[in-house]
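> Got a sequence here, can you build the structure:
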Amino acid sequence: VQKYGCLALKNLANDATNKKNISSLKGIETILEAMETHMQNGDVQESACKALWNLAVDANDKKKISELGGIEMIVKVMDKHITNEDVQKHALGALWNLALAIENQEKMAFFGGIEMILK
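Next up is the predicted model:
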């Protein structure tokens, strides 16, 4: 169920108005909670990272994802699912968009994001 919920949010996040609604309705928090709760499930992690990748196009969502611990969560997921190519690809996409905000680059370095990107 969590996988499909994240995929639905990913698809909805292709629209700017939907991005705002997802954020204001605590969608980012819900995605991060699903990631934490289902850490062992690669399908949930892949879907969650896809959703974060789309949401992180928006500057306000970049900031919110970072403030809610999203960067640390993505790095944890990458480490936990190091051999899962699909999780890695979508986690890298999320970090890519998040890294476009200078303030997020320091967090990525602090939480080991650079090392995970280079693995």
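
> and the residue most central in space within the chain, what helix or strand is that in?
Note on the chain: the residue nearest the mean C-alpha position is L52, at 3.6 Å, using C-alpha atoms, centre = their mean. Using DSSP states H and E, L52 maps to helix 42-55.

> So which residues make contact with that helix?
Residues outside helix 42-55 that contact it (C-beta atoms under 8 Å, 6 or more residues apart in numbering): 2-4, 6-7, 9-10, 13-14, 19, 22-23, 27-28, 31-32, 34-35, 38-39, 61, 65, 70, 74, 77, 80-81, 84, 86-87, 90-91, 93-94, 96-98. (C-beta placed from N, C-alpha, C; glycine too.)

> can you tell me which of these are in strands?
Members of those lying in strands (criterion: DSSP state E): none.

> So which of those residues belong to helices?
Using DSSP state H, the subset of those located in helices is 2-4, 6-7, 9-10, 19, 22-23, 27-28, 31-32, 34-35, 61, 65, 70, 74, 77, 80, 86-87, 90-91, 93-94, 96-98.

> Just the buried subset of the residues you listed, please.
Among the ones in helices among the contacts of helix 42-55, those buried by neighbour count (16 or more other C-beta atoms under 10 Å) are 2-3, 6-7, 9-10, 19, 22-23, 27-28, 31-32, 34-35, 61, 65, 70, 74, 77, 87, 90-91, 93-94, 97-98.

> For burial, what's the neighbour tally of the residue lying closest to G112 once chain neighbours are set aside?
Spatial nearest neighbour of G112, chain neighbours left out: V75 (5.5 Å); criterion: C-beta to C-beta, 6 or more residues apart in numbering. Applying other C-beta atoms under 10 Å, we find 22 residues neighbouring V75.

> unless I'm mixing things up, V75 is touching G113, no?
Yes. Under the criterion of C-beta atoms under 8 Å, V75 makes contact with G113 at 5.0 Å.

> quick one: common contacting residues for these two?
L95.
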